[in-house]
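>>> below are the sequence and a predicted model; questions follow.
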Amino acid sequence: MTKLKSKIVNRKTLSEIGTNMGIREVLNYNQTRAINLATIEGNALEAIIGAIYLDGGFDKAKNSLNNYVFRKYLDFNKLVLEEIDFKSKLFIWCQKKRLQINFEVISEKHENGQWNYEVKVVINNNEYGFGKGLSKKAAEQEAARETLQLMGEI
């Protein structure tokens, strides 16, 4: 249940729900700036839930989520099967096998108004997975996913 909850409140899931709800159509933002609209949609969804909570209390917010948002915009079966947190899974795998793990940033570049990161996974001084992303977290997740694939764990 805790893993499912963490998948629901994950930035990616909230952004997908916000996109599916059409939040982008009612957002006012500076269209000349390079921004991540999916992130803004997820943030807007959180703000809407917070406003419902502040206005009507916990029960109203819970009922709105359960009866409208989750029922209409969330595929629980897909969410249960989807693996999102590869980094945690890799840490647990390494701990069980008593292996030392490190995520090393290979490069960190700022180009065209956004950051780009490259990260590698090092387990017991051996290089494994490699990942790229617009954040360190995204690059680490990609590197962890690739490492788990190399290890035959996914």
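Alright, I've got the coordinates. For clarity, every value in this text was computed on a predicted model and none was experimentally measured. Numbers count the residues shown, from 1 in each chain.
>>> next secondary structure element downstream of the longest helix along the chain?
Longest among the helix segments of the chain by residue count, using DSSP state H, is helix 37-56. Downstream of helix 37-56, the next assigned helix or strand under DSSP states H and E is helix 58-64.
>>> what's the average pLDDT for that next one?
Helix 58-64 carries an average pLDDT of 95.
>>> same thing with stretch 102-109?
96.
>>> what segments of this protein are helices?
2-8, 11-21, 37-56, 58-64, 71-73, 76-81, 86-96, 136-150.
>>> buried sites along the fourth one?
It refers to helix 58-64. Neighbour-count burial for helix 58-64 flags Ala61, Ser64 (criterion: 16 or more other C-beta atoms under 10 Å). For the C-beta atoms, the positions are set from N, CA and C on the backbone; glycine is no exception.
>>> show me what that helix is packed against.
In terms of contacts (3 or more C-beta pairs under 8 Å, 6 or more residues apart in numbering; DSSP states H and E), helix 58-64 is packed against helix 37-56.
>>> one step back: ok now the longest helix of the chain, how far from the chain's centre?
Here helix 37-56 is found 17 Å from its chain centre; the criterion is C-alpha atoms, centre = their mean, to the nearest Å.
>>> so which elements touch that helix?
helix 11-21, helix 58-64.
>>> so which of the helices of the chain gets nearest Glu111?
Smallest distance to Glu111 across the helices of the chain (C-beta to C-beta): 14.7 Å, for helix 136-150.
>>> appreciated, that's everything.
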